[in-house]
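*Asks:* Here is a sequence together with a model predicted from it:
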Amino acid sequence: MSETPRRNFLKVAGAAVVAAALGIIGYKVAKKPSPTPAPTTQPPSTTAAPTTAPPPKEKVLIFGLKEDIVTLDPAMHRKRVTESVIQQYAEPLFWRTNDMRVIPHLLESYEFVDDLTWRLKLRKGIKFHDGTELKAEDVKFTLERILDPNQNSPRASMIDEIDTITIIDDYTLEIKTKYPSGPLMVDLTYQEMLPKHAVEAQGEDFFKNPFGTGPFKFVEWVPGERIVFEKNPDYWGGPAEVPPVGPPKVDKLIFKVIPDSATRMQALKAGEIHISYGFTADQAEEMAKDPNLVVEKVRAARSVFVFLNTHKAPFNDKRVRHALNMAVDVDAIIKNVLKGYGRRIACMSFPGVLGHDPNLEPFPYDPDRARQLLAEAGYPDGFDAVMMYDEEWRKDQAEAIAYYLGQVGVNVTIQLMDWGTIKNEYLLKAKGDMYFGSWGCGELELYGNVNSTFAREKDTYAFQYHNDEVTRLMKEALATLDPEQRAQKFMELERILQEDAPAIWLWEQFDPWVYRKEVTFTPRTDERYNLVDADISV
Amino acid sequence: MLDSDLLRLIGRRIVGLIPVMFGIAIIVFLVFSFVPGDPVTMLIGKQSDVSEEFIQQLRHKYGLDRPLYVRFFYFLRQLIHGDVGISYQFNRPALEVVLERLPATVELAFFALAVAIVIAIPAGIFAALKGGAVDRGIVGLSVVGFSMPNFWIAMLLILVFGTTLKVLPISGRLDVTLTVERVTGFYILDGILAGDWEVVRSALSHIILPALSLGIPAAALIVRLLRNNLISVLGAEFIRAARARGLRESVVIYKHALRNALIPTINIVALQLGFFLTGSFFVETVFAWPGMGRLAVDAIYARDYPVVIAAVMISALFFVLSNLLADILILVTDPRTRGVR
């Protein structure tokens, strides 16, 4: 009985698999850069040709994104990641420095003609990637395109206080607002300028291969996979207030989409990407042990809280709301659950926000006083409540809060739901008990995460919370153009809000940003990416 | 006649496909109409400047404020023209968004199937012929392989080959510094067409780990099946008769036994192909593989139902086609089935 055919078959198959594996392994090993610098091993050139030095190696920076962009059209999205990527090729009129001051960017200067009129002067000589110069008509076109009802731009509401835009000359415009608007300057940091002539000529096709005035030129977008940019060597350099001024330091900038945070972490370790964010505290701790990685704790410009339904017993009793605020040991949660990726706040604002009052003290952690207050309010044995939440990764935080509330007799059941349902079926209908969530304040002014949640005239997201004083102060503050005076109004507002306690005030969030050791990079606190100054050693 | 049998089978399946696709589109549309949450809220997210009036305006512009029966009518009218609507997230035709991601999924499914076959067929034959400890070992391994969820295998492979040994890439389809002109969308094929071996190598090295993650559990299933079938066939009368006629053992095994044992296996293999094409979401997520599965799940979260409908319809199409493929293969390999259908 011969077994040769079978053996041969297996041998051939096995050999093929091994050969294939080795081929690829060999390829990867060969591709790895050798640790010792190559020049020392290179044979000296016999023909004296000192001018033919090898060209410098191309610097490629790879940024790991947690989600793909949805469009390249600056007017047609409300996504932070999409916006941050678009900002590599197109620029706004105002911008924030790395320490979050708002400064004119494409503008040389601006002035208020009166409470309703802004006069903007563009810098001269800023060129789009096709060589044409940025003019006032481009600015007018870009902003009016967002406001055009036929465009259906989800960004229209950001700048809908704009009434008219008038071109004075090629470099000067006047914007008239419907009412005095302090936040307009901040809102203009989110609108990137497009070339009128090209968008008009090409229509929607322009956004298949868009260009702007930005530090990087768009090369390609492979959906779900990557967005590629190359250095714009003619970049105007950015404002002098933010050194260094000049073109980008890297030749190529590639955003690689890796949605799973565990994979993104491994990709950083393996060097497949150089910079990323969007990790859990546990992952950050693990990466901090890797000698090739730098982990930075960066403020996320986001407040975390539990809204309380003030229209419903027992939360309609302020004593109960104070008791709940005293029942939660926020510092212990920050230390043990968040591993330090958070900082206790007294209300909604945090240091750096216009209108933040550093002297406002948070509620003390005092479970005895909390029990006493609950008894005074008529709940000596506590009560049952449901706490909704929508951000799945915060489950352990929700459990920790429920634990502390349980300690004073409030039995909390936590329930994960989607934001649309929570908002439309509970918050706006003032139904339900509690909502544990977070709100970003990228605007870095108090209105950013207080207006729609607590202060606007109707449809506030904190279970339709309404307080005349809070609403009045917000309205006044938003119509105050002077930032100092606006800040005073905000501080007064927040003192009233904190004391009225329509929420359990918790912490401001910190996020880990991670990059490889060979990279020079400064993370920002507004989730935008300063990559014109980023560098990588090759 | 084989040809008329085949043609009739294919014709019947393709005609049957049309009501299936319509039915699926309608079911997904209706399910999404009753699921809480709406696309505009998800599109806007949590923004401070947005008033509820503005959200209602946008809902109106997208036609989402119309009564269900009106939307359903418009949806049907679109569907008849082969259009499932515009994606809310991407502001482009949903079908276009989904088809863009299709080559990645198909390429991965093809390689996963290759992995499954390359592992399973020799191992199944080996186990059935050797018996004893070898058989028990292979069967034991297959139990392990089948019990491990594919995303867990994926993480394991990433840790071993990606992070520790650093021999294989762990994310994406291609080294991001390489580009290839997308002719077919299958990077390996595109690389060959362009004659760019760097691209071919990079694409091959990127597909190994995801293909193993999908292919190993499938291989485990196929091994068991093939082994059992082969053992029962080897005990059959006609094998004894063949041996008694003095045929060489290799002829007995490969020509007589294996061919008979493979027939029921083919069905499962084809079904696995359908599974790879539709159920690779976890693996696609873990390896940042820009395929259709990941897109569909993201679209569900975003309530972007035109994209979900397009993806589900394409998945259904694949399931039907892979079943058809199984039937055709059986018709071709097994003469006894001819004329029966």
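*Replies:* Structure received. Numbering: from 1, shown residues only, chains lettered A, B, ... in the order given.

*Asks:* quick one: secondary structure of residue A:154?
*Replies:* Classification of residue A:154 using DSSP: H, G, I helix; E, B strand; the rest coil returns coil.

*Asks:* ok, now which ones touch the nearest residue to it once chain neighbours are set aside?
*Replies:* Leaving aside its chain neighbours, residue A:154 sits nearest to residue A:78 (4.9 Å; criterion: CB to CB, 6 or more residues apart in numbering or on different chains). Any C-beta I mention is one placed from the backbone N, CA and C, and that applies to glycine too. For residue A:78, the contact set (CB atoms under 8 Å, 6 or more residues apart in numbering or on different chains) comprises A:154, A:155, B:43, B:44, B:45, B:47.

*Asks:* Pull out the buried members of those residues.
*Replies:* Applying 16 or more other CB atoms under 10 Å in any protein chain shown to these, the neighbour count classes A:154, A:155, B:43, B:44, B:47 as buried.

*Asks:* Of the residues you listed, just say which sits nearest to residue A:437.
*Replies:* Set against residue A:437, the nearest of the buried ones among the contacts of residue A:78 by CB to CB is residue B:47 (13.9 Å).

*Asks:* any idea how far residue B:54 is from the residue found closest to that closest one once you drop the neighbours it is linked to in the chain?
*Replies:* Using CB to CB, 6+ apart and skipping residues adjacent in sequence, the residue nearest residue B:47 is residue A:78, 6.1 Å away. The gap separating residue A:78 from residue B:54 is 11 Å, by CB to CB, to the nearest Å.

*Asks:* which neighbours do those two share?
*Replies:* By CB under 8 Å, 6+ apart, no residue touches both residue A:78 and residue B:54.

*Asks:* picking up where we left off before, check the contacts of residue A:78 and tell me the two furthest apart.
*Replies:* A:155 and B:45, at 12.3 Å, using CB to CB across those.

*Asks:* now the contacts of residue A:78 as CSV including distance to residue B:248 and pLDDT?
*Replies:* Output for the contacts of residue A:78, formatted as CSV (distance: CB to CB, whole Å; pLDDT from 0 to 100):
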residue, distance to residue B:248, pLDDT
A:154, 73, 89
A:155, 77, 92
B:43, 69, 83
B:44, 73, 83
B:45, 71, 80
B:47, 76, 78
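
*Asks:* Need these in a markdown table (columns: distance to residue A:84).
*Replies:* Shown next, in a markdown table, are these (distance: CB to CB, whole Å):
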| residue | distance to residue A:84 |
| --- | --- |
| A:154 | 17 |
| A:155 | 15 |
| B:43 | 18 |
| B:44 | 18 |
| B:45 | 15 |
| B:47 | 16 |
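
*Asks:* Name the nearest residue to residue 106, sequence neighbours excluded.
*Replies:* With no chain named, the answer covers chain A. residue A:93 (5.2 Å).

*Asks:* if you could check chain B rather than the one you did, that'd help
*Replies:* In space, residue B:106 is closest to residue B:277, 6.8 Å off (CB to CB, 6+ apart).

*Asks:* Point out the other helices and strands that the host helix or strand of that neighbour packs with.
*Replies:* Residue B:277 is part of helix B:258-278, with elements assigned from DSSP states H and E. The helices and strands touching helix B:258-278, judged by 3 or more CB pairs under 8 Å, 6 or more residues apart in numbering or on different chains; DSSP states H and E, are helix B:94-130, helix B:197-234, helix B:305-333.

*Asks:* Pull it out as CSV, backbone CA atoms only.
*Replies:* What follows is helix B:258-278, C-alpha atoms only, in CSV (Å, rounded to 0.1, in the frame of the first residue of the first chain):
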residue,chain,number,x,y,z
LEU,B,258,-12.8,11.7,-1.7
ARG,B,259,-15.1,12.7,-4.6
ASN,B,260,-18.1,11.2,-2.8
ALA,B,261,-17.1,12.7,0.6
LEU,B,262,-16.6,16.2,-1.0
ILE,B,263,-20.2,16.6,-2.3
PRO,B,264,-21.9,17.4,1.0
THR,B,265,-18.8,19.5,2.0
ILE,B,266,-19.2,21.8,-1.0
ASN,B,267,-22.6,22.9,0.2
ILE,B,268,-21.1,24.1,3.6
VAL,B,269,-18.1,25.7,1.9
ALA,B,270,-20.4,27.7,-0.4
LEU,B,271,-22.5,28.8,2.6
GLN,B,272,-19.3,29.8,4.4
LEU,B,273,-18.6,32.1,1.4
GLY,B,274,-22.0,33.7,1.9
PHE,B,275,-21.1,34.1,5.6
PHE,B,276,-17.8,35.7,4.9
LEU,B,277,-19.4,38.2,2.5
THR,B,278,-22.0,39.2,5.0
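
*Asks:* can you give me the angle that helix makes with helix B:305-333?
*Replies:* For helix B:258-278 against helix B:305-333, the angle by axes from the mean of the first three to the mean of the last three CA atoms, to 10 degrees is 170 degrees.

*Asks:* and the closest residue to residue A:339 other than its chain neighbours, what does it touch?
*Replies:* Nearest non-adjacent residue to residue A:339, counting by CB to CB, 6+ apart: residue A:281, 3.8 Å away. By CB under 8 Å, 6+ apart, the contact set of residue A:281 is A:338, A:339, A:340, A:341, A:512.

*Asks:* can you confirm residue A:163 is in a strand?
*Replies:* Yes: the assignment for residue A:163 by three-state DSSP puts it in a strand.

*Asks:* Share the number of residues neighbouring residue A:106, please.
*Replies:* Residues near residue A:106, counting by other CB atoms under 10 Å in any protein chain shown, number 23.

*Asks:* hang on, it packs against residue A:213?
*Replies:* Yes: Residue A:106 lies in contact with residue A:213 (CB atoms under 8 Å); the separation is 6.9 Å.

*Asks:* does the closest residue to residue A:71 other than its chain neighbours count as helix, strand or coil?
*Replies:* Spatial nearest neighbour of residue A:71, excluding adjacent residues (CB to CB, 6+ apart): residue A:77 at 5.2 Å. Secondary structure assignment for residue A:77 (three-state DSSP): coil.

*Asks:* Secondary structure element holding residue A:506?
*Replies:* Secondary structure assigned from DSSP H and E places residue A:506 in strand A:503-516.

*Asks:* Run me through the strand neighbours of that strand, direction for each.
*Replies:* Strand pairing for strand A:503-516, using DSSP bridges, gives strand A:275-277 (antiparallel), strand A:293-308 (antiparallel), strand A:342-344 (antiparallel).

*Asks:* so can I have a markdown table of those showing mean neighbour count and mean pLDDT?
*Replies:* Formatted as a markdown table, the strands paired with strand A:503-516 follow (neighbours: other CB atoms under 10 Å in any protein chain shown; pLDDT from 0 to 100):
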| stretch | mean neighbour count | mean pLDDT |
| --- | --- | --- |
| strand A:275-277 | 23 | 96 |
| strand A:293-308 | 22 | 95 |
| strand A:342-344 | 19 | 96 |
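
*Asks:* Those: which one's closest to residue A:118?
*Replies:* Using CB to CB, the nearest of the strands paired with strand A:503-516 to residue A:118 is strand A:293-308, at 25.3 Å.

*Asks:* List phi and psi for the residue in the stretch 201-341 of chain B that chain A sits nearest to.
*Replies:* With CB to the nearest CB, the shortest gap between the stretch 201-341 of chain B and chain A falls at residue B:290, namely 2.9 Å. Dihedral pair for residue B:290: phi -80, psi 60, per degrees, to the nearest 10.

*Asks:* Spell out the secondary structure type for the nearest residue to it once chain neighbours are set aside.
*Replies:* Using CB to CB, 6+ apart and skipping the chain neighbours, the partner closest in space to residue B:290 is residue A:224 (2.9 Å). Classification of residue A:224 using three-state DSSP returns coil.

*Asks:* Tell me where the model's unsure across the chain.
*Replies:* Unless you meant another one, I'm taking chain A. Along chain A, the model assigns pLDDT under 70 to residues A:1-54.

*Asks:* if you could check chain B rather than the one you did, that'd help
*Replies:* By pLDDT under 70, the weakly predicted segments of chain B are B:1-2, B:279, B:338-341.
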